[in-house]
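Participant: Pasting the sequence and the predicted coordinates here, then a few questions.
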Amino acid sequence: MGYRRDVDLEFLCNCSSEDLDALVTILIKDKDGSSRLTEELTVNDKYKQFAPDHRRYWDLIAAELQCFGADTFATLVRGGEGVLYREVLTEVCDKMRVNYNSEAAVELIEMNLLMKVLTDSMEKMTPEDLRELANGLDLKTANFSKQAVIAAIQAGVNMSGFVAYQVAIIVANAVAKAVAGRGLAVAANAGLARAISVAVGPIGWALTALWTLKDLSGPAFRVTIPSVIQVAFLRTSMNQRKL
């Protein structure tokens with residue numbers, strides 16, 4: 001397994017070990033907590049030396065994701081290198097039936113994916129759940145129908161990086177709980193606390209139920225879909241810190 005230099009994953013070098021922990025767990029552990037038979041990260045000498053200080057081997061984490069997103073034979077031909085992150089991301093989006101522009105920036109494609117997961121989970125939400133979601137995100141809407149809440153979220157994302165960050169937390173936290181068995185470790189102010197409370201309430205339950213169905217989509221996607229969602233969250237988080 002070798003890291004293929006990837007401009008869309010280089011930012012992981014600036015993430016803390018705590019930031020990377022959920023992503024690493026998804027890459028190396030099955031849903032029941034047992035080690036994945038196909039993972040190569042934990043047998044690497046660098047991992048053995050520094051784990052769980054994940055930031056010391058961020059490149060190996062990136063390489064593991066690249067390889068999970070690649071065809072096994074093609075990886076062997078490339079000398080153990082996988083595919084670039086953009087290809088992994090777009091294949092996940094295709095699997096999840098996300099509407100996206102293939103020429104768009106990775107950040108925009110990732111947000112389309114996060115919004116698709118969130119809006120899919122809204123299908124089974126009650127009016128009370130939708131109101132809770134709108135209030136948790138502090139949306140400016142007097143109409144709490146599904147269509148109105150989706151429109152308000154999209155408007156909020158377009159206007160504010162903080163709303164995008166909240167959406168990323170809600171989705172990534174729920175998926176991490178469903179796949180890794182625990183949520184994200186996030187230092188929360190009042191606004192983030194509201195978003196996180198949404199993720200562990202009815203909205204989180206809906207996302208978890210949705211994820212259980214998506215988890216049946218095939219062994220590779222069971223890794224790449226939640227991993228890409230975690231990368232999207234980490235990128236959004238990193239961008240938010242720069243503001």
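Facilitator: Looks like it arrived, so ask away.
Participant: Next, the distance between the ends of stretch 11-24.
Facilitator: 16 Å (Cα to Cα, to the nearest Å).
Participant: tell me which residues in that stretch are buried?
Facilitator: Buried residues in stretch 11-24, counting neighbours by 16 or more other Cβ atoms under 10 Å, are found at 12, 15, 17, 19-24. No exception for glycine: its C-beta is placed from N, CA and C like everyone else's.
Participant: Among the residues you listed, which ones are in helices?
Facilitator: 17, 19-24 (DSSP state H).
Participant: all helices for the chain, in order.
Facilitator: Secondary structure of the chain by DSSP H: the helices cover 17-28, 45-50, 58-68, 72-77, 85-95, 106-121, 127-136, 146-159, 161-180, 190-200, 202-214, 219-242.
Participant: between those, which gets nearest to Y3?
Facilitator: Closest to Y3 of those, according to Cβ to Cβ: helix 58-68, at 3.9 Å.
Participant: Please tell me how far the residue in the chain sticking out farthest from the centre sits from E10.
Facilitator: In the chain, counting by Cα atoms, centre = their mean, A142 sits farthest out from the average C-alpha position, at 29.9 Å. Counting by Cβ to Cβ, to the nearest Å, the gap between A142 and E10 amounts to 43 Å.
Participant: same deal with F233?
Facilitator: F233 sits at a distance of 17 Å from E10 (criterion: Cβ to Cβ).
Participant: For this protein, give me the ranges with low pLDDT.
Facilitator: Along the chain, the model assigns pLDDT under 70 to residues 1, 70-80, 186-196, 198-204, 206-207, 209-219, 243.
Participant: let's go with 50 and repeat that
Facilitator: Where the chain drops to pLDDT under 50, the residues are 72-79, 216.
Participant: who touches K29 in this structure?
Facilitator: Contacts for K29 (Cβ atoms under 8 Å, 6 or more residues apart in numbering) come out as 35-36, 180.
Participant: Which of those residues are buried? Put it as a ChimeraX command.
Facilitator: Per 16+ other Cβ under 10 Å, the buried members of the contacts of K29 correspond to this ChimeraX selection:
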select :36,180
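Participant: of all the contacts of K29, which comes closest to Q240?
Facilitator: Set against Q240, the nearest of the contacts of K29 by Cβ to Cβ is A180 (22.0 Å).
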